[in-house]
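Chemist: Any chance you could fold what I've pasted below:
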Amino acid sequence: MTLPITPVIPPKSNRRFPAEFDKETYKWRHLIENYFGKLKENRGIAMRSCKTDQSFKAFISIAATLIHTR
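Modeler: Modelled structure (predicted):
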């Protein structure tokens, strides 16, 4: 079963006839990408150096808490 996927990438600003895209979906996509970028600033998450899934989840929780407190 395949899910329908719609690209949500805005067109270049200097395009003569800009293609339409969903601005609200793009806004949420951008926020999520930025959040993952902040999570990956922690080297342990970027390299997946935790040995167990439980410690990996705990590390993500700690990193997410630190991001929210900033």
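
Chemist: Give me the below-cutoff pLDDT ranges for this protein.
Modeler: Along the chain, the model assigns pLDDT under 70 to residues 1, 46, 48-50.

Chemist: ok, which stretches of it are helices?
Modeler: 23-40, 43-47, 53-69 (DSSP state H).

Chemist: which one of those lies closest to R16?
Modeler: helix 23-40 (19.8 Å; C-beta to C-beta). To be clear about C-beta, it is placed using only N, CA and C from the backbone, and glycine gets the same treatment.

Chemist: Now do the buried residues in the closest one.
Modeler: For helix 23-40, the neighbour count (16 or more other C-beta atoms under 10 Å) marks L39 as buried.

Chemist: Mind giving me the packing neighbours of that helix?
Modeler: Judged by 3 or more C-beta pairs under 8 Å, 6 or more residues apart in numbering; DSSP states H and E, the packing partners of helix 23-40 are helix 53-69.

Chemist: can you pull the alpha-carbon coordinates of the helix it packs on into CSV?
Modeler: Extracted in CSV, the C-alpha atoms of helix 53-69 (Å, rounded to 0.1, in the frame of the first residue of the first chain):
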residue,chain,number,x,y,z
ASP,A,53,16.9,1.6,22.1
GLN,A,54,15.9,2.6,25.6
SER,A,55,19.0,4.7,26.2
PHE,A,56,18.6,6.3,22.7
LYS,A,57,15.0,7.3,23.6
ALA,A,58,16.2,8.7,26.9
PHE,A,59,18.9,10.7,25.1
ILE,A,60,16.4,12.2,22.7
SER,A,61,14.1,13.1,25.6
ILE,A,62,16.9,14.9,27.4
ALA,A,63,17.9,16.7,24.2
ALA,A,64,14.3,17.7,23.5
THR,A,65,14.0,19.0,27.1
LEU,A,66,17.1,21.1,26.7
ILE,A,67,15.8,22.6,23.4
HIS,A,68,12.5,23.5,25.0
THR,A,69,14.2,25.2,27.9
